[in-house]
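**Q** sharing a sequence plus its predicted fold:
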Amino acid sequence: MERNLMGHDSDIEKVLLTEDQIASAVTDIAARIDRDFRNSERDLLLLGILKGSVVFMGDLMKKLKTPVEIDFMKVSSYGSSTESSGKVNILLDLHRSDLSDKNIIIVEDIIDSGRTLSYLVKYLSVAGAGSVRTCTLLDKPSRRTVEFTPDYSGYSIPDEFVVGYGLDYNEHYRALPYIGVLKKDVWNK
């Protein structure tokens, strides 16, 4: 179906993943999580990393058959630019006394360097979580600066600036129902 290029659509160089491709990946990830946790004695907690993971996590939890709780953290490794600062800042922490009773799956929209999720896995393990795994819709392994592989991943993508389906540039483009490559002249000013 040809989309009318109105509003933010005109800033998109190309569609990288369609709505149907995204839905297929979410269904597949949910099935893998259900397989791994259906017989666990611990409760499953999806821990969304704000703000980008919200759309993905919402769709993911609707597909899960395993009972699930949700919570959120806000973490940043970016300053005002499009490049990671290399330092992980926890802006909104997880304050729970029941972490030892939880299997936590950290839900991210995209993994670039791997620093943030690597840090959070250690952070939550030290805080006493029963188990910690990671889940991302998009993985950019070519951008890794630390050794890190997510437990659940939808698509491995090239090193392009992507937006849509929760991913943003300066808080714009999150509501696009697909994932697209943002034109370079939009973000490289």
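**A** Everything's here; your move.

**Q** so where's the longest helix in the protein?
**A** What stands out as the longest helix in the chain, according to DSSP state H, is helix 19-37.

**Q** tell me what that helix is packed against?
**A** Judged by 3 or more C-beta pairs under 8 Å, 6 or more residues apart in numbering; DSSP states H and E, helix 19-37 is in contact with helix 54-63, strand 131-139, strand 152-156. Placement of C-beta: from N, CA and C, glycine included.

**Q** one more time with 10 Å
**A** strand 12-17, strand 43-50, helix 54-63, strand 68-78, strand 102-111, strand 131-139, strand 152-156, strand 179-182 (3 or more C-beta pairs under 10 Å, 6 or more residues apart in numbering; DSSP states H and E).

**Q** just the buried positions in that helix, please.
**A** Ile22, Ala25, Val26, Ile29, Ala30, Ile33, Asp36, Phe37 (16 or more other C-beta atoms under 10 Å).

**Q** and Asp36, what does it touch?
**A** Leu44, Thr66, Asn103, Ile105, Arg133, Asp151, Tyr152 (C-beta atoms under 10 Å, 6 or more residues apart in numbering).

**Q** which two of the buried residues of helix 19-37 have the greatest separation?
**A** Ile22 and Phe37 (22.3 Å; C-beta to C-beta).

**Q** thinking again about what came up before, any chance of the buried residues of helix 19-37 in CSV, with distance to Ile111 and pLDDT too?
**A** Shown next, in CSV, are these (distance: C-beta to C-beta, whole Å; pLDDT from 0 to 100):
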residue, distance to Ile111, pLDDT
Ile22, 16, 98
Ala25, 14, 98
Val26, 16, 98
Ile29, 14, 98
Ala30, 19, 98
Ile33, 17, 98
Asp36, 19, 97
Phe37, 21, 96
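
**Q** which of these sits closest to Val163?
**A** Of those, the one sitting nearest to Val163 (C-beta to C-beta) turns out to be Ile22, at 13.2 Å.

**Q** in space, what's closest to that closest one - neighbours in sequence excluded?
**A** Ranked by C-beta to C-beta, 6 or more residues apart in numbering and with sequence neighbours excluded, the top spatial neighbour of Ile22 is Tyr165, at 5.9 Å.

**Q** now for this structure, the helix or strand with the poorest mean pLDDT.
**A** strand 84-92 (a mean of 75; mean pLDDT, DSSP states H and E).

**Q** in this protein, which segments are predicted with low confidence?
**A** For the chain, applying pLDDT under 70 flags the ranges 1-7, 78-86.
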